[in-house]
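>>> pasting a predicted model and its sequence here:
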Amino acid sequence: MKPKVIDLFAGVGGMSLGFEKAGFDVVLANEYDESIAEAYKKNHRSTKMVVGDITKLDLKKTFGEYKGKIDVIIGGPPCQGFSQKGQRKSIKDERNFLFKYYIKVVELVRPKYFVMENVPNLLTTENGYFRHEIEDLFRELGYENLSTGVLNASDYGVPQNRRRTVIIGKLDGAAPALPKPTNQIVTIWDAISDLAFLESGEGTEEQSYLNKAESKYQKLLRGNCKVLHNHVATKHSDLALKRLKMIPPNAGKEVLPPEHLTKSIYSGTWTRMRKDEISVTITTRFDTPSSGKFTHPYLNRAITVREAARIQSFPDDFIFIGKKGSQMKQVGNAVPPLLAQAIATSIIEDIKEKEK
């Protein structure tokens with residue numbers, strides 16, 4: 001029988017997918033955004049989805065029946081207040097205390113393990129206040145020897161520089177170690193070179209593959225998929241296209257004349273991705289050249305939802321639905337499935353060791 005999982009703050013289910021690939025059964029998930037929850041349900045048909053704000057749910061009624069029946073609780077409480085962009089309120093920002101609801105569910109369900117992921121700043125904000133608070137609360141529940149650290153998705157075969165804090169706990173025992181890096185570097189071009197070369201405004205939600213898979217990574221993510229989904233290029237304005245046409249491969253805003261430079265808080269604005277590098281962190285605004293280094297290496301457009309999904313390590317049979325803004329949130333806020341799978345594998349190995 002497969003070990004059972006509950007996924008909190010699930011989003012579209014990148015973490016769920018990684019755990020499923022490692023051999024777990026995700027029985028229950030919670031997500032408050034209705035459109036994102038619909039996309040989760042489409043891609044995880046056997047999981048019961050509770051749509052609602054966890055701060056307003058009756059936790060005992062929702063999760064109490066699972067006490068003693070769950071092997072792992074996973075999830076990443078949102079962390080807007082730790083963000084490096086905008087005003088940081090940290091200790092005064094109530095959004096930074098959503099982890100307490102995660103911990104309440106762990107207390108109710110008493111899983112054998114838990115995995116909490118978050119932004120790297122979680123460990124250092126307010127001189128480590130949040131880290132110590134979280135660790136103390138888990139220790140009081142019997143999860144004493146935690147494995148805590150910052151993992152970079154690029155160390156686990158994901159073509160992206162994406163750093164996340166990961167905390168693993170085990171009830172009444174030493175937590176499994178964080179997964180060791182695989183040292184397998186995948187580039188942007190390894191991820192997207194086989195996808196149709198669309199111009200601004202081209203593409204449909206469903207289309208045929210025009211090219212064969214060219215890399216091991218592309219073959220892995222294509223699987224047996226026969227139809228290409230979500231490969232639709234943003235229709236950029238005439239002004240944006242004029243700027244993009246001035247930027248050659250491997251270049252950025254430094255080549256633009258002064259009258260075309262825009263004010264932006266984002267690094268990488270009006271800069272092409274370099275095909276032989278890994279990507280910067282995929283955000284929820286990857287369709288806009290002014291919001292980061294999301295311009296295609298050669299084409300005069302930002303990357304598509306499918307290209308971003310490839311860079312996040314989602315397989316091609318994982319379909320993003322709803323309005324474009326929602327699809328971008330689904331991809332940009334997700335835990336890369338390959339990173340989640342590496343974490344899940346370290347827990348599976350600990351379970352097997354225990355069974356021996």
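Yep, that arrived. Numbers count the residues shown, from 1 in each chain.
>>> least confident secondary structure element in the chain?
Every helix and strand in the chain was compared by mean pLDDT, DSSP states H and E; the lowest is helix 125-140, with a mean of 88.
>>> other SSEs contacting that helix?
helix 99-109, strand 163-170 (3 or more CB pairs under 8 Å, 6 or more residues apart in numbering; DSSP states H and E). Just so you know, the C-beta spots here come from the backbone N, C-alpha and C atoms, and that holds for glycine as well.
>>> and among these, the most buried is which?
strand 163-170 (a mean of 22; mean count of other CB atoms under 10 Å).
>>> ok, that strand: who's next to it in the sheet?
Its sheet considered, strand 163-170 pairs with strand 113-118 (antiparallel), strand 147-152 (antiparallel) by DSSP bridges.
>>> what residues does it touch?
76, 112-120, 122-123, 134-135, 138, 143, 145-153, 175-176, 178, 281, 335, 339, 343, 346-347, 350 (CB atoms under 8 Å, 6 or more residues apart in numbering).
>>> show me which of those are buried.
Buried by 16 or more other CB atoms under 10 Å: 76, 112-120, 122-123, 134-135, 138, 143, 146-148, 150-153, 175-176, 178, 281, 335, 339, 343, 346-347, 350, out of the contacts of strand 163-170.
>>> ranges for the strands of the stretch 151-300 of the chain?
Taking DSSP state E, counting those that start in this stretch as the criterion, the stretch 151-300 of the chain carries its strands at 163-170, 206-208, 227-229.
>>> before we move on, the earlier item: tabulate the helices and strands packed on helix 125-140 (CSV), appending distance to residue 61 and mean pLDDT.
Below are these laid out as CSV (distance: least, CB to CB, whole Å; pLDDT from 0 to 100):
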stretch, distance to residue 61, mean pLDDT
helix 99-109, 10, 96
strand 163-170, 25, 97
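>>> all the helices of the stretch 201-350 of the chain, residue numbers only.
All helices of the stretch 201-350 of the chain, identified by DSSP state H, counting those that start in this stretch, fall at 216-222, 238-245, 305-312, 324-332, 337-355.
>>> go through those and pick out the most buried.
Among these, highest average neighbours (mean count of other CB under 10 Å) belong to helix 305-312, with a mean of 28.
>>> export that helix as PDB, just CAs?
Taking Å, rounded to 0.1, in the frame of the first residue of the first chain, the C-alpha atoms of helix 305-312 are listed here in PDB:
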ATOM      1  CA  VAL A 305       3.100  28.900 -20.100                       C
ATOM      2  CA  ARG A 306       4.400  25.600 -21.500                       C
ATOM      3  CA  GLU A 307       8.000  26.900 -21.800                       C
ATOM      4  CA  ALA A 308       7.800  28.100 -18.200                       C
ATOM      5  CA  ALA A 309       6.300  24.800 -17.100                       C
ATOM      6  CA  ARG A 310       9.200  22.900 -18.700                       C
ATOM      7  CA  ILE A 311      11.600  25.200 -16.800                       C
ATOM      8  CA  GLN A 312       9.700  24.300 -13.700                       C
END
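>>> identify the residues contacting the residue lying closest to residue 242 once chain neighbours are set aside.
Distance criterion CB to CB, 6 or more residues apart in numbering; nearest residue to residue 242, sequence neighbours excluded, is residue 260 at 7.8 Å. Listed by CB under 8 Å, 6+ apart, the contact set of residue 260 reads 242-243, 246.
>>> so where is the stretch 201-350 of the chain shaky, pLDDT-wise?
Applying pLDDT under 70 to the stretch 201-350 of the chain flags no residue at all.
>>> ok, the closest residue to residue 99 other than its chain neighbours - contacts?
The spatial neighbour of residue 99 that comes closest, neighbours along the chain excluded (CB to CB, 6+ apart), is residue 77 at 4.5 Å. If a contact means CB under 8 Å, 6+ apart, then residue 77 has 8-9, 98-99, 101-102, 116, 118 as its contacts.
>>> ok, 10 Å please
Counting by CB atoms under 10 Å, 6 or more residues apart in numbering, residue 77 touches 8-9, 54, 95-103, 116-118, 122, 134.
>>> how about TSV for the strands of the stretch 151-300 of the chain, with distance to residue 27 added?
Rendered in TSV, the data for these read as follows (distance: least, CB to CB, whole Å):
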stretch	distance to residue 27
strand 163-170	20
strand 206-208	31
strand 227-229	27
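>>> out of the helices of the stretch 201-350 of the chain, which is closest to residue 31?
Across those, residue 31 has its closest neighbour in helix 324-332 (10.2 Å, CB to CB).
>>> which residues does that closest one contact?
Contacts for helix 324-332 (CB under 10 Å, 6+ apart): 11-14, 33-36, 38-40, 43, 205, 230, 232, 234, 281-288, 304-312, 314, 318-323.
>>> how close does the residue nearest to residue 99 get to residue 64?
20 Å (CB to CB, to the nearest Å).
>>> if I read this right, residue 291 contacts residue 281, doesn't it?
No: using CB atoms under 10 Å, residue 291 makes no contact with residue 281, being 11.8 Å away.
>>> got any residues that touch both of those two?
Contact with both residue 291 and residue 281 is made by residues residue 268, according to CB under 10 Å, 6+ apart.
>>> got a list of what residue 273 touches?
If you count contacts by CB under 10 Å, 6+ apart, residue 273 has them with 187-189, 192, 249-250, 279-280, 292-298, 302-303, 307, 311.
>>> and stretch 17-34, average pLDDT?
For stretch 17-34, mean pLDDT rounds to 98.
>>> how far away from the center of its chain is that stretch?
Stretch 17-34 has its C-alpha centroid displaced from the chain centroid by 13 Å (CA atoms, centre = their mean, to the nearest Å).
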